[in-house]
Structure formats: structure tokens, C-alpha cells
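Q: sequence and predicted model, in that order:
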Amino acid sequence: MEIEENKTYWPIDHLRMDIRELIDGIPVGVALISPDLRIHAINRAMESLTGFDRKEAYGVPCRYIMRNNLCTGECPARKILEKEDQISAEGDIINLARQKVPVIINLSPLKDHDGKPIGVIETVEDISLVREFDQKIQGPSSYHNIIGHSPQMEEIFKTLQLVSQTDSSVLITGETGTGKDLLAEAIHLSSMRAKGPFIKINCGALPENLLESELFGHKRGAFTGAVEDKQGRFRMANNGTIYLTEIGDLPLSLQVKLLTFLDDKEFYPLGSNKPVKSDARVIAATHRDLNEMVRQGTFREDLKFRLKVIRIELPPLRERGDDIRLLMNHFLQHFSKKFNKRITGFSLNSIPIMLNYTYPGNVRELRNIVEFAVNLCQDEVIRREHLPSYLHEPITMGVPVSDNLANTSSNTSTPPMYRESLYKATSHFDWEKIEQQMIVEALTQSRGNRTGSAKLLGWGRATFYRKLKKYKLG
């Protein structure tokens, strides 16, 4: 094909035929964009995706051919040329037939021998079949605002469908921030009690005397200050659900009253000798180890068994694999809309930081991180500098595993290998060497037990075995 005289010359124009043959072998859409933001070449996959022939596309401003949602604000290709950054985001393109196609878009700079940007390469991958497959084969990615595609979450979604058909008590366990409150509400909303009240109370938020009155109510004159009758949460939850969060903090005396209610569906308000009936379903949640509490005598074993007729354990975020990226995008869309910002995705230098962090605060912490970044970001993509500084600070070398393990008793939410290991510094570090050292130290501490080593590091077993293979340590 001859180059028309009115087309802008590009330093690699003389290589155009070779480049075309090269990119035609790539199974995703590829476009080469010149410094003046015009299409220099597209491959067959991009022709199929956009509907434009490569001859029609050559020399045309890229926004008229690519027509993706990233083009609605500041031109992403221009940003690549000016800032020499990379952009990766999910979005949509509008093809020649005016169809919206869900895609993953990646843009990177093309550089000369001196490292100077001379253009942009953009890849566009059609993910419509993947989304259709996820919906038809893997099932929904959310259940009453609980989001996830990991095998653990899919199992929980299946369990919820069964739980919703019963009135049995439920015990939800899991680390802080895993979403126990959302799960409890989802159980209520999917049950036959959905039209009834959903009453929540934190068992650790009030002293014992006030908590008893709050839960079971009182009669006028039952104690100083009781100037009128009070219903109590159990009566308020009649024909609905009462959700007892932090059940491990419930005093022993009130555990007896709760056990009586679970057996007889009745209770005695403070100052009354007449029982009160309430048809309330009980859902309880805790991040504590109730088995250990039973051994210590701080939790009744019969109550534990009565509560966990159905038990659902929420996995920590670090063990949920690709759910992290799914939640990142979900929270990004939520907060972008809430704060009226047009942020389209995460830059390639921020994504590994987000994916490699262990999230001791789980989903709640990830949500807070994304909210922080959206507040800080004045651009169209979240970059490294928009993230909280502690996410990309170096790991301290020379803090032995044993020192970290010695400080685990006061902080059970953070994986031992990561506790007290961050420090503020600006020096560069070799993360791969640090990871290798951590793995070796963990194996030493656990005497070669791989499951124990993974637990020390705060990783899932699959992550631990993958890194063993990566570093050829196993």
C-alpha cells in the first residue's frame, strides 16, 4: 500500500509491512499509534473487533477508530506519550455496527534506541465471551451485594441458597473485615423473613447490664433509670432476624438467656416474671475462636453447638485469588460515581502493588484503600502515587521470623510474617530476594511443613506452592 502524501511520516514507516505481518499473528486486537495520535497500523483481530478495514483506518485519528470509553476524557495515548506510563483498564468499545463490546484495553509507549517515546501500542481484548461464560457456567459474581468469583465464594453462594429455605440458626465466622455483616443481611433478604425486620446488635459494644436490657428489654422500675417499659431487640425482631455480631463478647450470664431463647423461643425481660414469645431467627458472627474460648471456660459449649446449626466461614481476602481484582474494579466504579469522578481503571504500576498486598483488614481494608485513592486521584487512572504509602514501602530485611512470631499474641488479624515488618524508607529493594528469604525462614520455623509455612506468611496454599515453584525452593 502506498503512503499518501498528506499522511504524517513516522520514523518506523519503512518497517510498516514487516510490522503488519508481525502483529497479524497476535490473537488480540493491536493498533500502532503515531505521535500525532493517528492510526499507523492495525492487525486482523482489530479489524474484526472494530469493524474498520486497515486501509480505512490508516492515518485516521485513533479516537475515531478505537471509540472506547477511555477516549471520553483526556486522550490516554497522549498521556502515554507525555508521562511514559502504562494504562490497563476494563471498558467498552463501540464498533462500526454500533455494538458495545466489553474489552480489556492496554496502552504502552513505543520507544526508540534512546528510550524516547515515538508512539503508542494499544491492545484490545474482547472479553464478552468470558463474561458470558462466567454468567452461564460459573454462576453470578454477586449475591445480595456480596461479590466474588473464587471457588470459596461460589460455594458460599450455593450454601446461601439452601440456608435461605430454613429457619435454623447460623454462625458466621471469619477474620475482621471479611464481610460477615453483609452475609448476615444477605441470608435475611433471601429468606422467607425478608419482609420482616433485620435487627443488628454488637454484643461487645455495651456493658453487661445495659446489654441485657438492650437485648431482652425491661419493665418499668427494673433498675434505677428504668422509667418506662422497653421492648428489647429480640421482641423487635419478631417474624424477622436478629443478628448478634461479636457473639464471642457476650457475657456468660447472657449466654444462658440466649440459650433459653434458642430452645424455647421465649425470654424474660428484666424485672418481669412473665415470658415473652418472639419468632426471631438468630444469626451470630465472630472473628474469635469459639473452640478455644470453650476450653478457657469463657463460652458455653452447648450454646456454641446451638448457634452453629449452620456454619459459614468467610475466607480472608488474601486467599480469594482473582476476587481482589474484581473487588478493586467494583469499588473503583462505586467511589468514582459517588465522588463524581471519571476514573477508568488502574495503571500497570499500581496493579501489582494492589494484588500482592496481604490485606490483614480484608475486604474492608481494600474498600478503604480504593476510596482513599479515588479521593486523591485527579487523573483518569489510579497510579502508584495515589495509593496509601504503606502499600509500597520496603520490607525490613533482618527482622527474623522468630521476632515476628514473638509479637503475635496482641494482633491476630495480621499474618505473623508481615507484622511489624514495614518501615518508612525511600531506598530501593529487591522484592524477589526478600520473598525468597521469607519463604526459607518460614520453612525453617515450621520445620519444613508447607501448610504451616503458608500460614506463617499469610498466604493461601496455592500461592505458597506457586512461589516455591517460581523460586525453585521446593
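A: Arrived safely, thanks for sending.

Q: the nearest residue to G179 once chain neighbours are set aside: what's it in contact with?
A: Sequence neighbours aside, V363 is the residue nearest to G179 in space, at 5.3 Å (criterion: CB to CB, 6 or more residues apart in numbering). Every C-beta, even on glycine, is put in place using the N, C-alpha and C of the backbone. By CB atoms under 8 Å, 6 or more residues apart in numbering, the contact list for V363 reads G177, T178, G179, L317, L327.

Q: separation between the first one and R367?
A: Distance, G177 to R367, using CB to CB, to the nearest Å: 9 Å.

Q: and the residue nearest to G179, what element?
A: Using DSSP states H and E, V363 falls within helix 362-376.

Q: what do you get for A184?
A: Here A184 sits within helix 180-189, counting by DSSP H and E.

Q: contacts for that helix?
A: For helix 180-189, contacts defined as CB under 8 Å, 6+ apart pick out 143-146, 156, 160, 163-164, 170, 172-174, 194, 198, 200, 240-241, 243, 245, 281, 283, 285, 287, 312, 314.

Q: quick one: buried residues of the helix or strand following that helix?
A: Downstream of helix 180-189, the first helix or strand assigned by DSSP H and E is strand 198-202. Within strand 198-202, the residues scored as buried using 16 or more other CB atoms under 10 Å are F198, I199, K200, I201.

Q: how far away from the center of its chain is strand 198-202?
A: Put simply, strand 198-202 sits 25 Å off its chain's centre (CA atoms, centre = their mean, to the nearest Å).

Q: send me that strand as CSV with only the CA atoms.
A: Extracted C-alpha coordinates of strand 198-202, given in CSV (Å, rounded to 0.1, in the frame of the first residue of the first chain):
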residue,chain,number,x,y,z
PHE,A,198,-33.5,-7.2,60.4
ILE,A,199,-32.2,-6.2,63.8
LYS,A,200,-28.4,-6.0,64.4
ILE,A,201,-26.7,-5.5,67.8
ASN,A,202,-23.0,-5.7,68.7
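
Q: where does the chain have low pLDDT?
A: Applying pLDDT under 70 to the chain picks out residues 1-20, 73, 84, 129-142, 393-434, 458, 474.

Q: how is it partitioned into domains?
A: For the chain, automatic domain parsing gives the domain ranges 13-131, 139-313, 318-389, 401-470.

Q: span of the third one from start to end?
A: Across domain 318-389, the straight-line distance between its terminal residues is 20 Å, by CA to CA, to the nearest Å.

Q: tell me how far that domain lies from the chain's centre.
A: Using CA atoms, centre = their mean, the offset of domain 318-389 from its chain centre is 9 Å.

Q: going forward can the numbers begin at 3, since that is how I track them
A: Sure, I'll start counting at 3 from here, so that last one is domain 320-391.

Q: quick one: which of the contacts of V365 has the most company?
A: L319 (26 neighbours; other CB atoms under 10 Å).

Q: nearest to D114, of the contacts of V365?
A: L329 (39.4 Å; CB to CB).

Q: could you give the number of residues near the nearest residue to N147 once chain neighbours are set aside?
A: Excluding the flanking residues, the one nearest N147 by CB to CB, 6+ apart is L184, at 5.9 Å. Neighbour count for L184, taken as other CB under 10 Å: 17.

Q: and for D265?
A: D265 has 10 neighbouring residues, counting by other CB under 10 Å.

Q: cool, M48 as well?
A: Neighbour count for M48, taken as other CB under 10 Å: 26.

Q: which helix or strand contains L445?
A: helix 433-447.

Q: mind listing what's buried in that helix?
A: Within helix 433-447, the residues that qualify as buried by neighbour count (16+ other CB under 10 Å) are E437, Q438, M440, I441, E443, A444, L445, Q447.

Q: with stretch 63-78 instead?
A: Result for stretch 63-78 [16+ other CB under 10 Å]: buried residues C64, R65, I67, M68, R69, N70, N71, L72, C73, C77, P78.

Q: what of stretch 166-180?
A: For stretch 166-180, burial by neighbour count (16+ other CB under 10 Å) applies to S166, S171, V172, L173, I174, T175, G176, E177, G179, T180.

Q: for these, which one is nearest F374?
A: Using CB to CB, the buried residues of stretch 166-180 come closest to F374 at G179, 15.2 Å.

Q: what is the burial count for G223?
A: Applying other CB under 10 Å, we find 12 other residues in the vicinity of G223.

Q: these two touch, right, it and S274?
A: No - contact criterion CB atoms under 8 Å: G223 and S274 do not qualify, at 10.6 Å.

Q: ok, residues contacting the lengthiest strand in the chain?
A: Longest among the strand segments of the chain by residue count, using DSSP state E, is strand 102-113. Residues from elsewhere that reach strand 102-113 (CB under 8 Å, 6+ apart): 34, 51, 70, 72, 78-79, 82-83, 86-97, 119-130, 133, 350.

Q: what about these, which are in helices?
A: Residues of the contacts of strand 102-113 located in helices (DSSP state H): L51, P78, A79, I82, L83, S130, R133.

Q: OK, contacts around the fourth one?
A: Going back to what we said before, that points to I82. Q88, I89, L109, S110, P111, P119, V122.

Q: from N241, how far out is it?
A: For I82 relative to N241 (CB to CB), the value is 59 Å.

Q: quick check: E268 touching S280?
A: Yes - taking CB under 8 Å as the definition, E268 is a contact partner of S280 at 7.2 Å.

Q: which parts of the stretch 253-402 of the chain are helices?
A: Under the criterion DSSP state H, counting those that start in this stretch, the stretch 253-402 of the chain contains helices at 254-266, 292-298, 303-309, 325-340, 353-358, 364-378.

Q: report the buried residues of the third one.
A: Across helix 303-309, burial judged by 16+ other CB under 10 Å covers L305, K306, R308, L309.

Q: ok, the last one next?
A: When neighbours are counted by 16+ other CB under 10 Å, the buried residues of helix 364-378 are found to be N364, V365, E367, L368, R369, I371, V372, E373, A375, V376.

Q: next, the angle helix 182-191 makes with it.
A: 110 degrees (axes from the mean of the first three to the mean of the last three CA atoms, to 10 degrees).

Q: export helix 364-378 as PDB, just CAs?
A: Extracted as PDB, the C-alpha positions of helix 364-378 are listed here (Å, rounded to 0.1, in the frame of the first residue of the first chain):
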ATOM      1  CA  ASN A 364      -9.600  -7.900  54.200                       C
ATOM      2  CA  VAL A 365     -12.400  -6.500  52.000                       C
ATOM      3  CA  ARG A 366     -13.000  -3.600  54.400                       C
ATOM      4  CA  GLU A 367      -9.300  -2.500  54.000                       C
ATOM      5  CA  LEU A 368      -9.400  -2.900  50.200                       C
ATOM      6  CA  ARG A 369     -12.500  -0.700  50.100                       C
ATOM      7  CA  ASN A 370     -10.800   1.900  52.200                       C
ATOM      8  CA  ILE A 371      -7.700   1.800  50.000                       C
ATOM      9  CA  VAL A 372      -9.700   2.400  46.900                       C
ATOM     10  CA  GLU A 373     -11.800   5.200  48.500                       C
ATOM     11  CA  PHE A 374      -8.500   6.900  49.500                       C
ATOM     12  CA  ALA A 375      -7.000   6.500  46.000                       C
ATOM     13  CA  VAL A 376     -10.200   7.900  44.300                       C
ATOM     14  CA  ASN A 377     -10.200  10.900  46.700                       C
ATOM     15  CA  LEU A 378      -6.600  11.600  45.900                       C
END
